[in-house]
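Chemist: Here's my sequence, what's the structure:
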Amino acid sequence: MRGLLTLTVALLAAGLVMVGLGLRGDGGPPQPPAWAAVPRAVEHHGPVLDRSVPVEVAVPSIGVRAPLARLGLAGDGSVEVPPADRLNEAGWYDRGPTPGERGAAVLLGHVDSAKGAAVFYELGRLRPGHRIEVTRRDGRTAVFTVESVERVAKERFPTGRVYGPLDHAGLRLVTCGGPFDESSRSYRDNIIVYAAQTAVRQAAAR
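Modeler: Numbering: from 1, shown residues only. Here you go, the predicted model:
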């Protein structure tokens, strides 16, 4: 019971950390329409994979191809975010499943900075049916299909839906969005992409 309570507290802190992702650029990032938050069922194809660290994420529809860093927990129990000077890099929360394993693998990335757009600036343009590919250290690529894209206020961050257990291999991409709060110097909302694995590609033989 104590272990479950500790996990619950850690996940709640993980949801709240998204306050730290919002950095301001010259223009506002794209926002998903309300209809994109309605889940679109996809069939979960491909085998559930063993654990293997992810090394790269690609989102062809918005032109993203980025290396992945490992992110753990900060001293206050919140999820770490990629360093502010690595705006073209995303991160994988390494206390959760790896992409392709059963469960919800979580990738986080900055939206922008004073210098311009960051790796997940265009995340709000994703729509159900779009593809996300994660290359793993074992050479296999887990291919995911977007089920829904939502914008949610940070104080209502859906911790259970993002980090909670699944009966299949799922993926969540998280960044900031919504209006920019001048007083806190961050965006008020999060953009969250929910996806399910629909294929696995093997590394090409050499």
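
Chemist: Now do the helices in the protein.
Modeler: Secondary structure of the chain (DSSP state H): helices located at 2-16, 159-163.

Chemist: looking at those helices, which has the lowest confidence?
Modeler: For those, the weakest mean pLDDT is recorded on helix 2-16, namely a mean of 37.

Chemist: Tell me who's in contact with the spatially closest residue to Val59 that is not a sequence neighbour.
Modeler: Once flanking residues are discounted, Val59 sits nearest to Ile132: 5.3 Å by CB to CB, 6 or more residues apart in numbering. Glycine gets a C-beta too; all of them are placed from N, C-alpha and C. Residues in contact with Ile132, defined by CB atoms under 8 Å, 6 or more residues apart in numbering, are Val57, Ala58, Val59, Val143, Phe144, Thr145, Val146, Leu171, Leu173, Val193, Ala195.

Chemist: and Ile132, how far is that from Ala195?
Modeler: Distance, Ile132 to Ala195, using CB to CB, to the nearest Å: 5 Å.

Chemist: out of the contacts of Ile132, who's nearest Arg156?
Modeler: Checking the contacts of Ile132 against Arg156 by CB to CB gives Val193 as the nearest, at 17.1 Å.

Chemist: Which residues lie in contact with the spatially most central residue of the chain in this structure?
Modeler: In the chain, the C-alpha nearest the mean C-alpha coordinate belongs to Leu173, at 1.8 Å (CA atoms, centre = their mean). If a contact means CB under 8 Å, 6+ apart, then Leu173 has 57, 59, 90, 107-109, 120, 123, 126, 132, 192-193, 195 as its contacts.

Chemist: Now, of these, which are buried?
Modeler: 57, 59, 90, 107-109, 120, 123, 126, 132, 192-193, 195 (16 or more other CB atoms under 10 Å).

Chemist: follow-up on the earlier one: for the residue nearest to the centre of the chain, name its beta-bridge partners.
Modeler: Counting by DSSP bridges, Leu173 is bridged to Leu107, Val193.

Chemist: can you start the count at 53 instead of 1 from here on
Modeler: Yes, from this point I'll number from 53; that puts the last item at Leu225.

Chemist: what sits up against stretch 87-105?
Modeler: For stretch 87-105, the external contacting residues (CB under 8 Å, 6+ apart) are 122, 144, 146, 149-150, 152-154, 178-181, 188-190, 192, 194-195, 197-203, 220-221, 246, 248-252.
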